[in-house]
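A.B. asks: here is a sequence with its predicted model. Questions after.
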Amino acid sequence: MPDVIYRSALPSDRDAILDFANYVFSISKQPHDFRSLLPKVYGVQASDQAARHYLAERNGKILALVGVRPLNLYHGSHCLCGGFVGSVSVHPYARHEGHMRRVMQLMLDHESGLDFLALGGQRQRYGYWGFTQAGVSADYLVTPSNIRHALRNMELPDLKLIPWDSSIAPEAACQMLALQESTLCYVKRTAGEFPYVLRSWNSQPYLIAYNGNYVGYLAETADHRITEIQLVPECPDSYLLSVIRQLASEYPVTFSFAPWDKRNIRLVSSLAEGQHLDTRNMLRIQNWQKVLNFMFALQSALRPVAESTYSFSPSGLAVTYANRHISILSSESGESPDPASLQDQFFSPSHLLVPSGMPEGWTPLPFFLYDSDTF
């Protein structure tokens, strides 16, 4: 039998990668058309730089595949260069042959220069590769009954939800890009890819308009979940309540917010039927200094963060936060701490209920990616 080749994909592999992903996910789950599901990566307008792929190949046929979508995460002057892992797949006739282990390791070796990697998937499966659950999103269920009772006597402005399709002038994307980049934390997008990013996984993007002017945007999934919604900061609260009323008057809608979506959380939580905290992503930190500096800066914009030093047992690793800067001092014993354990201590959402023992405000750190920015 010919040898299996493990390699980085080339631009010429693009069609074969799309065919392979469509086949494996369709035969394993339900029909998939990744050109439609992920236009930001596999659409005809997507660039070859939209994602990097790694594969196992025999006789020119793909046996296993892993993709990485590069992303730059910003908070003020801070920036993290990361990647979101997706399209993880093995041909059904080549499973249990060790190909995914080899392709994952190839990917990790090539992507080691990134500050972090993230993915969504089964916890233990990806725990072998150093990924741990991280961050918190706030989810709120709003039902027609909530709308009928909570908003029945309110005079609300008449906002329009306009499907964001090819008929919309390109200038709208530039305006919404500026709005997105005015938020506390965001993934860098381009105006050209903005509506395609919001269309991920059959989501429908809408522009929010008032008196003929665009004042925001949102993305709604096929199962009525609002994965992202932004309104210009000067909008009164009544604008968001008007949008909520339009969305949830006929069927229940779930709103998902980042920890820094404070106004949205305040308004939606005041009328929602149910609410829960969720974690959707898993994280692998590859540059601890940069990631902790970024996350502590973001955390300090959300809540008080104590300046202090904390030592981790048994490694003796010491982390100091002072003058808005993180310092990491390794143990004199040279013992290396377990990275997965450190990630859990800093990022696990369980620390909202079970104190971590770290100084005030250190945990959990607010790692969050909008669904539109994932793979």
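C.D. replies: Structure received.

A.B. asks: ok, longest strand in the chain?
C.D. replies: strand 61-75 (DSSP state E).

A.B. asks: the next helix-or-strand element following that strand: how far from the chain's middle?
C.D. replies: Where DSSP states H and E defines the elements, the next helix or strand beyond strand 61-75 is strand 78-90. Put simply, strand 78-90 sits 10 Å off its chain's centre (Cα atoms, centre = their mean, to the nearest Å).

A.B. asks: by contact count, what packs against strand 78-90?
C.D. replies: Other elements packing on strand 78-90 under the criterion 3 or more Cβ pairs under 8 Å, 6 or more residues apart in numbering; DSSP states H and E are helix 14-28, strand 61-75, helix 99-110, strand 116-119, helix 288-302. Any C-beta I mention is one placed from the backbone N, CA and C, and that applies to glycine too.

A.B. asks: by contact count, what packs against the first one?
C.D. replies: Helices and strands touching helix 14-28, by 3+ Cβ pairs under 8 Å, 6+ apart, are helix 34-37, strand 61-75, strand 78-90.

A.B. asks: let me see the contact set for the closest residue to A301 other than its chain neighbours.
C.D. replies: Setting aside the residues directly before and after it, A301 is nearest to L184 in space (Cβ to Cβ, 6 or more residues apart in numbering), at 6.0 Å. Contacts were defined as Cβ atoms under 8 Å, 6 or more residues apart in numbering; by that measure L184 touches H75, W260, L298, A301, L302.

A.B. asks: M282 is in contact with A118, correct?
C.D. replies: Yes: counting by Cβ atoms under 8 Å, A118 touches M282, with 6.6 Å between them.

A.B. asks: show me the helices in the stretch 101-250 of the chain, by range?
C.D. replies: Per DSSP state H, counting those that start in this stretch, the stretch 101-250 of the chain carries helices over the ranges 123-127, 144-150, 170-180, 194-198, 237-248.

A.B. asks: which other residues reach the second one?
C.D. replies: Around helix 144-150, the neighbours that count as contacts under Cβ under 8 Å, 6+ apart are I244, R245, A248, S249, E250, Y251, P252, S270, L271, A272, E273.

A.B. asks: rebuild those residues as CSV, extending it with distance to F367 and pLDDT.
C.D. replies: Putting the contacts of helix 144-150 into CSV (distance: Cβ to Cβ, whole Å; pLDDT from 0 to 100) gives the following:
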residue, distance to F367, pLDDT
I244, 27, 98
R245, 32, 97
A248, 28, 97
S249, 34, 96
E250, 34, 96
Y251, 31, 97
P252, 28, 98
S270, 26, 95
L271, 28, 96
A272, 24, 98
E273, 28, 97
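
A.B. asks: looking at the helices and strands packed on strand 78-90, which is nearest to G192?
C.D. replies: strand 61-75 (16.0 Å; Cβ to Cβ).

A.B. asks: quick one: strands adjacent to the closest one?
C.D. replies: strand 52-58 (antiparallel), strand 78-90 (antiparallel), strand 186-187 (antiparallel) (DSSP bridges).

A.B. asks: measure how the longest one sits relative to helix 99-110, angle-wise.
C.D. replies: Here strand 78-90 points in a direction 160 degrees away from that of helix 99-110 (axes from the mean of the first three to the mean of the last three Cα atoms, to 10 degrees).

A.B. asks: buried sites along the longest strand of the chain?
C.D. replies: Across strand 61-75, burial judged by 16 or more other Cβ atoms under 10 Å covers I62, L63, A64, L65, V66, G67, V68, R69, L71, L73, Y74, H75.

A.B. asks: what's the distance between the third one and F131?
C.D. replies: Read that as A64. For A64, the distance to F131 (Cβ to Cβ, to the nearest Å) stands at 18 Å.

A.B. asks: ditto for the last one
C.D. replies: Look at H75 and F131: by Cβ to Cβ, they are 22 Å apart.

A.B. asks: before we move on, the earlier item: just the contacts of helix 144-150 now: which is nearest A222?
C.D. replies: With Cβ to Cβ as the yardstick, the closest approach to A222 among the contacts of helix 144-150 comes from Y251, at 12.0 Å.

A.B. asks: thinking the closest one is in contact with A222, fair?
C.D. replies: No: applying Cβ under 8 Å as the test, Y251 and A222 come out as separate, 12.0 Å apart.
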